[in-house]
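J.: I would like the atomic coordinates for the input below:
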Amino acid sequence: MKPTRYILILLFLTGSASVSFAQKKETTGMKLQEQYVGHKVGQSVNVNMLIDLTDMPKMGTNLKRVATPIIRSNKGTEEIVLPQFVVAGRKRYDIIQRKMLIENNYKAVPGQTENTVIIPRKNGELQQFNYSTSIAYKPWMKDASLILRAEDSGCAECHLGVSEEVLTNNFLYPLYQPEYKFSMIVPKGELVKRREETLIANISYKVGKYNIIPDFENNPSELAKIDAKLKELKGNEDIVFNRLGMVGYASPEGGVDYNIELSKKRAISFAGYLVSKYPFLKGRFDNSWKGQDWEGLQEAVSNLSFAAKNDVLEALKITTPEGRTKALKALDNGRVYSMLLQEVYPPLRRSELVFSIVVKGFSLDKAKETIKTHPSRLSLAEVYAVAQSYPKGSKEQYGTWAIADETFTKDVEPAINAAILDLQAGRYQDAVNRLQRRSNDSRIWPMLGLAYAYNEDWSKAEEFLQKAKANGSQQAAYNLDELQKYLKDNF
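T.: Numbering: from 1, shown residues only. Sure, this is the predicted structure:
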């Protein structure tokens with residue numbers, strides 16, 4: 001049901017006025033006594049304003065002024081025209097009143113109703129009146145102005161001009177604004193920083209062979225990577241090297257048993273090569289072999305873009321290795337399988353080396369340097385110390401937590417702290433994107449719901465705050481209450 005519109009006019013012809021808010025006098029000379037004149041009640045807005053006519057220029061006795069209040073968006077093109085009122089000079093007022101008594105269809109203004117108020121002007125006297133009406137609420141009214149359009153005419157209805165002025169730039173009394181609560185998480189320290197760092201080596205072998213040939217194909221560069229890694233670990237005073245683990249993989253062409261045996265021999269051969277070259281690895285080296293790497297093939301294909309991609313992925317769903325290979329070879333008369341052999345299979349023939357180390361604690365300066373090159377070697381407490389050493393909200397502080405978020409994927413503190421900095425900087429979608437990646441982790445829900453709220457995705461905000469509240473989060477319960485108060489008052 002639409003709200004009923006009405007106007008209540010109360011004339012004050014004597015007395016003094018206490019002015020708390022007044023726009024500068026423009027062409028009409030009409031002013032408001034208050035800054036906010038619209039009050040939202042449910043889905044309606046009650047407009048109540050005390051309009052002061054005292055400073056209006058002297059009005060000729062035959063002049064008629066039709067005043068039209070207009071609510072106009074400060075950002076868009078939306079506007080709503082409110083009921084008009086009329087201010088008339090003494091003679092013109094008497095003429096209007098006489099015509100309204102004699103002529104049944106006479107209207108002082110188009111669209112005149114029984115509620116349209118016509119006011120006689122009192123030049124030089126204190127003159128105020130209360131204007132009241134009710135309209136349907138629209139969200140854009142939260143940032144809108146109240147405009148007054150004045151159309152003047154003479155005794156013969158001759159047009160004398162139109163003017164507009166802003167009575168207030170803040171039409172609507174401020175609605176409820178939520179005060180969400182959140183704070184950066186201070187991570188706990190680690191008594192011992194145990195870390196594992198992985199290196200992928202694609203060692204090349206002659207077909208069907210397993211002995212290491214250091215200068216064969218790309219082996220020089222691959223062996224150099226391992227050499228550099230071991231030297232870096234052994235020469236770093238902040239690192240204690242414990243063990244090296246290695247897993248050998250084979251690409252999935254050929255027979256299963258054959259590939260398992262071949263990957264085993266290559267892993268043993270490679271391990272022997274490394275121990276002979278680096279004697280300190282003796283007794284600290286573990287090696288194993290996996291055979292055909294079908295999972296690696298599926299992941300590699302998923303990350304590629306080519307015409308037969310979906311057909312290949314369907315073939316990989318076949319339960320037996322032999323069946324998969326047969327289906328792959330049948331695609332496009334063997335051309336797809338040939339492409340896989342040349343471009344996708346070679347990287348699958350690899351050794352994954354995992355270096356197990358213990359990292360000593362860092363000074364702040366050392367931590368600030370290490371996070372740029374080996375962020376995983378820091379504890380989250382050290383990451384926090386680095387971040388706090390930079391100015392609040394700075395690029396360096398944000399960058400520290402962003403690096404930690406990409407590094408410590410099993411911990412939520414970096415993601416939450418980086419998201420908080422996103423929210424504080426107005427990067428609401430970035431905060432959502434960062435947290436959404438971990439939406440399966442219930443520890444993320446309180447902050448994810450809040451990020452959705454800032455991004456004005458109300459349904460998602462309520463969903464995750466409700467889930468977090470049900471999970472026992474007091475912060476989420478508070479923020480959910482704030483959100484619901486905001487939604488009730490603003491929409």
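J.: Okay, now the unreliable bits of the protein?
T.: Applying pLDDT under 70 to the chain picks out residues 1-27.
J.: For the longest strand along it, which residues meet the burial criterion?
T.: When the chain is parsed with DSSP state E, its longest strand is strand 239-250. By neighbour count with 16 or more other Cβ atoms under 10 Å, strand 239-250 contains the buried residues 239, 241, 244-250. Glycine gets a C-beta too; all of them are placed from N, C-alpha and C.
J.: How about stretch 328-337?
T.: Neighbour counts using 16+ other Cβ under 10 Å place 328, 331, 336-337 of stretch 328-337 among the buried residues.
J.: Likewise for stretch 302-318?
T.: Buried residues in stretch 302-318, defined by neighbour count with 16+ other Cβ under 10 Å: 308, 311-312, 315-316.
J.: Run through the residues that contact the residue nearest to Ile318 when sequence neighbours are not counted.
T.: If the residues on either side of it in the chain are set aside, Ile318 comes closest to Arg324, at 4.7 Å by Cβ to Cβ, 6 or more residues apart in numbering. Applying Cβ atoms under 8 Å, 6 or more residues apart in numbering, we find Arg324 in contact with 252, 294, 315-316, 318.
J.: Out of those residues, list just those in strands.
T.: Among the contacts of Arg324, no member is found in strands (DSSP E).
J.: I'd like the residues you listed laid out as JSON lines, including distance to Arg349.
T.: Formatted as JSON lines, those follow (distance: Cβ to Cβ, whole Å):
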{"residue": "Pro252", "distance to Arg349": "10"}
{"residue": "Trp294", "distance to Arg349": "13"}
{"residue": "Ala315", "distance to Arg349": "20"}
{"residue": "Leu316", "distance to Arg349": "18"}
{"residue": "Ile318", "distance to Arg349": "22"}
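J.: ok, so of these, who is nearest Lys460?
T.: Nearest to Lys460 out of the contacts of Arg324 is Leu316 (Cβ to Cβ; 34.3 Å).
J.: Touching, that closest one and Trp294? I think so.
T.: Yes: assessed by Cβ atoms under 8 Å, Leu316 is found in contact with Trp294 at 6.8 Å.
J.: So what sits opposite Val81 in the bridge?
T.: Under the criterion DSSP bridges, Val81 forms beta bridges with Ile70.
J.: does Ile357 sit in a helix, a strand or a coil?
T.: strand (DSSP: H, G, I helix; E, B strand; the rest coil).
J.: and it, how many neighbours?
T.: By the criterion of other Cβ atoms under 10 Å, Ile357 has 19 neighbours.
J.: Quickly note the distance from it to Tyr205.
T.: The gap separating Ile357 from Tyr205 is 29 Å, by Cβ to Cβ, to the nearest Å.
J.: Val312 belongs to a helix?
T.: Yes: assignment of Val312 by three-state DSSP places it within a helix.
J.: and Gly235, backbone torsions?
T.: Dihedral pair for Gly235: phi -90, psi 0, per degrees, to the nearest 10.
J.: neighbours around it, how many?
T.: With other Cβ under 10 Å as criterion, Gly235 counts 8.
J.: just Leu148 next, same as before
T.: By the criterion of other Cβ under 10 Å, Leu148 has 23 neighbours.
J.: swap in Arg92?
T.: So Arg92, with other Cβ under 10 Å, has 25 neighbours.
J.: so how far is Val86 from it?
T.: From Arg92 across to Val86, the span is 9 Å (Cβ to Cβ).
J.: excluding its backbone neighbours, what's nearest Ile71?
T.: Distance criterion Cβ to Cβ, 6+ apart; nearest residue to Ile71, sequence neighbours excluded, is Ile80 at 4.7 Å.
J.: helix, strand or coil for Ala307?
T.: coil.
J.: tell me the phi and psi of it?
T.: Dihedral angles of Ala307 (phi, psi; degrees, to the nearest 10) stand at phi -60, psi -40.
J.: and this structure, what are its domains?
T.: According to the TED database, the chain comprises the domains 31-168, 195-292+316-332+348-356, 361-490.
J.: quick revisit: I'd like to know which of the buried residues of stretch 302-318 is nearest to Gly272.
T.: Using Cβ to Cβ, Leu316 comes nearest to Gly272 of the buried residues of stretch 302-318, at 34.0 Å.
J.: what's around the residue nearest to Ile71, how many residues?
T.: Using other Cβ under 10 Å, Ile80 has 18 other residues around it.
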